[in-house]
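Q: Okay, sequence plus prediction incoming.
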Amino acid sequence: MGPPSHPATFVDHDLSPGGRTTYFMTGPEGGKFHGRWRVEDVEPPKLLRFADDDTDDEGKPNDGGPAEMTVTIAEVDGTTTMSIESRFPDREALERAIEMRMEEGMTEALGQIDGLLAGAGG
């Protein structure tokens, strides 16, 4: 899930509605950045909707509220497409995500999908 420079380790992984997924990403210098997903809706293999909380080292949410994320997978003209929509509770939370380089991190993380699928035989 994390970009190559910040690999993710999942501690808990429950992708059912009402479930939680907790993780941390480890930076190049060893720093850990914690987060959790609160799963709201799942329709395998088409939809995953969750609140993405930035948390402290003890798993408590940091100020600012979660980003709400929706991942949709669909076939369009014989090609599988994935879209990810992120919604933030306010402009300040969006600006904080930009400062944390969320867009670059997501781009790098998603850039690994083809290799992962090829390794899985798919």
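A: Looks like it came in fine.
Q: Could you grab the helix/strand/coil label for residue 25?
A: Judged by DSSP: H, G, I helix; E, B strand; the rest coil, the three-state class of residue 25 is strand.
Q: Let me see the contact set for it.
A: 1-2, 6-9, 32-33, 35 (Cβ atoms under 8 Å, 6 or more residues apart in numbering). For every residue, glycine as well, the C-beta is placed using N, CA and C.
Q: now do residue 17
A: Residue 17 neighbours (Cβ under 8 Å, 6+ apart): 39-42.
Q: quick check, nearest of those to residue 92?
A: Nearest to residue 92 out of the contacts of residue 17 is residue 40 (Cβ to Cβ; 22.6 Å).
Q: list the contacts for that closest one?
A: Here residue 40 is in contact with 17, 49-51, 68 (Cβ under 8 Å, 6+ apart).
Q: Check the spacing between residue 57 and residue 36 real quick.
A: Per Cβ to Cβ, to the nearest Å, residue 57 is found 12 Å from residue 36.
Q: More neighbours: those two, which one.
A: The neighbour comparison of residue 57 against residue 36 (other Cβ atoms under 10 Å) goes to residue 36, with 21 against 9.
Q: Within its sheet, name the partner strands of the longest strand seen in the chain and how each one runs.
A: The strand spanning the most residues in the chain, taking DSSP state E as the definition, is strand 32-43. In the sheet, strand 32-43 lines up against strand 20-26 (antiparallel), strand 47-55 (antiparallel) (DSSP bridges).
Q: Of the contacts of residue 40, which count as buried by neighbour count?
A: 49-51, 68 (16 or more other Cβ atoms under 10 Å).
Q: among these, which two are most distant?
A: Checking the buried ones among the contacts of residue 40 with Cβ to Cβ, the most distant pair is 49 and 51, at 8.6 Å.
Q: Understood, closing this out.
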